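1. 3D model of this:
(one chain, ligands or ions: 2)
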Amino acid sequence: MRKILVTGGCGFMGSDFIRYMVETSQVMIVNLDKLTYAGNPENLKSVEQNPNYHFIRGDIADQTAVNETLASLAGQAGIEAVVNFAAESHVDRSIMGAEAFVHTNVLGTQVLLEAARKLGVSRFIQISTDEVYGTLGPEGKISEESPLRPNSPYAATKAAADLICRSYFKTYGFPVIITRSTNNFGPYQFPEKLIPLFVTNALEGKTLPLYGDGLNMREWLFVRDHSRAIERVLEKGTSGEIYNIATGTELTNLEITKAILRVLERDESLIEFVKDRPGHDRRYALDWAKLRRLGWGPQAKFEETLRQTVAWYKESETWWRRVKSGEYLKYYQAQYGKRGFNP
Ligand code: NAD
Ligand code: DAU
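-> Ligands and ions are numbered 1, 2, ... in the order given. As a prediction, the model looks like this:
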C-alpha cells in the first residue's frame, strides 16, 4: 500500500487532508505532529481507529526524531511522499515572537527535506502560502513567478522555507513541489483565525475585533478544496514547480464579518473596530491557471460552505469551548506529555 508521511496533521488543514485521504483512497497515512497549542488529535477522532492511519508525536526540527520516524516507515514499499503541513501558522503570534516560527517553519523544513532526501523519497510537497508574495495593490493577481516580498515574521519564515525547498531541487534534484494557497476556512480551524474567532465570539455574545478599517482583502478557499488540490499535485504535479491554489472569491474583512453575522442572525453592533495589525497586508489574490491545467478547480460555493462552516461551529460547541478554555491541552498533555511551544 502507498505510504504518505503528513506532518502537522493534527492542525486545521493537515487534519482535513488526512480525513479526506483516509476516507477516499487506499493509502496509509502517518502523521508526525509535535502537538503544539494548534495540534489537536480530537480533529482526527473519525479516523483514529482506521488501520490506515498512524500518529507519531514528534518535532520536524528534531533531526533524530525525524530520521527515526522515516527509517521506521521505510519498510518494504518505502514512503511515497512527504506532505509538510507542520508550521507555526498565525501571523499575530509571529508578531509577538518569531522564535518558534524560525524553529519550525525554517529549521523544521530543512531537517525534513534532508531526511527525506537521504531516504530517497520520491515526492515532497511543501505547503506554503500566498503571504510569501507580500501585499498586492487593488488590481491584478500574483503568479508563481512573482518575487517574494514577505511582510510579517510568519510570512518571512514561510518564504525562507520555500527558498530552501527550491535549493534542494536545484542543487540535489530532490523532487520538491511547493504549493501556495490563499486563506482556508472550514471545520476544525483554530479559533484564533478570523472566521472561527468571529463565529464563536458571536455565539458567546462577545464583540468581533476587526483590525483597522476592515477593508483588507483576502481570497477564501474551502479547506476540502485545498485537500483535493494537494491530492492533485501529488499525482500530477511536476517536481521543482510551484502551484498557487485559489478561488477568485475575494472579500474585505468587513464583508466577511457581515456575512457571518447574517448567517448567525446576529446584529452588526457586535463589530468592534480595533487597532490595526502591524505590517497588515492589504490584499492577496492569486492567479491559479497553472493548477487549473492539472485539472483542479474549486468545487465549493462560497456562501454555501460558509453556512456549512458556521453550522459546524454551532453543532461543535464542545470542541471549540474545550479549545478556547484550554481544556483540550490538559487532556493531551496527560496522554502525550509536556506540550511544545506556545502552550
Ligand atoms: P495549524 O496552526 O492549524 O496547524 C499546524 C500544525 O502543525 C499543528 O498540528 C501543530 O501541532 C503542528 N506543528 C507545529 N510545529 C510543529 C513541529 N515543529 N513539528 C511537528 N508538528 C508541528 O495550521 P494550518 O492553518 O492547518 O496550516 C497548515 C499549513 O498550511 C501551514 O504550513 C501554513 O503555513 C499553511 N497555510 C495555511 C493557510 C490557512 O489559511 N490556514 C493558508 C495557506 C497556507
Ligand atoms: O493567506 C494565507 C494565510 O491566511 C496563511 O498563510 C496563514 O497561516 C493564515 O493564518 C491566514 O493568515 P491571515 O493573517 O490572513 O489570517 P487571519 O485569520 O489571522 O486574518 C484574516 C484577516 O482578518 C486579516 O486581514 C486580519 C484580519 N483579522 C484577523 C483577526 C484574527 C481581524 O480583523 N481581526 C482578528 O481578530
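2. Stretch 26-35 vs ligand 1: in contact?
-> Yes: Stretch 26-35 is in contact with ligand 1 by CB under 6 Å from any ligand atom, via D33, K34, L35. For glycine as for every other residue, the C-beta is placed from the backbone atoms N, C-alpha and C.
3. Now the buried members of the residues you listed.
-> With burial judged by 16 or more other CB atoms under 10 Å, the buried subset of the residues of stretch 26-35 next to ligand 1 is D33, K34, L35.
4. Pull the contacting residues for the second one.
-> I take that to be K34. K34 sits next to R57, G58, D59, I60, A86, T104, G340 when contact means CB atoms under 8 Å, 6 or more residues apart in numbering.
5. Wait, the second one touches N67, no?
-> No: using CB atoms under 8 Å as the test, G58 is too far from N67 to be in contact (10.4 Å).
6. which one of the two has more residues nearby?
-> G58 (18 against 15; other CB atoms under 10 Å).
7. Nearest residue to that one in space, please, no chain neighbours.
-> Excluding its sequence neighbours, the residue lying closest to G58 (CB to CB, 6 or more residues apart in numbering) is A65, at 4.0 Å.
8. Which residue does the stretch 151-300 of the chain have closest to ligand 1?
-> Nearest to ligand 1 in the stretch 151-300 of the chain, going by CB to the nearest ligand atom, is N184, at a distance of 3.8 Å.
9. Centre of the chain to the strand or helix carrying that residue, how far?
-> Assigned by DSSP states H and E, N184 falls within strand 183-185. Per CA atoms, centre = their mean, to the nearest Å, the displacement of strand 183-185 from the mean C-alpha position of its chain is 8 Å.
10. ok, E48 - how many residues close by?
-> When counting by other CB under 10 Å, one arrives at 14 neighbours for E48.
11. give the contact list for it.
-> Counted by CB under 8 Å, 6+ apart, E48 has contacts P41, F55.
12. Look up phi and psi at it.
-> Main-chain dihedrals, E48, degrees, to the nearest 10: phi -60, psi -20.
13. measure P150 to Y284 for me?
-> Noted for P150: a distance of 12 Å to Y284, by CB to CB, to the nearest Å.
14. So the two - more neighbours on which side?
-> Y284 (24 against 21).
15. so that one makes contact with L221?
-> No: applying CB under 8 Å, one finds Y284 not in contact with L221, separated by 11.1 Å.
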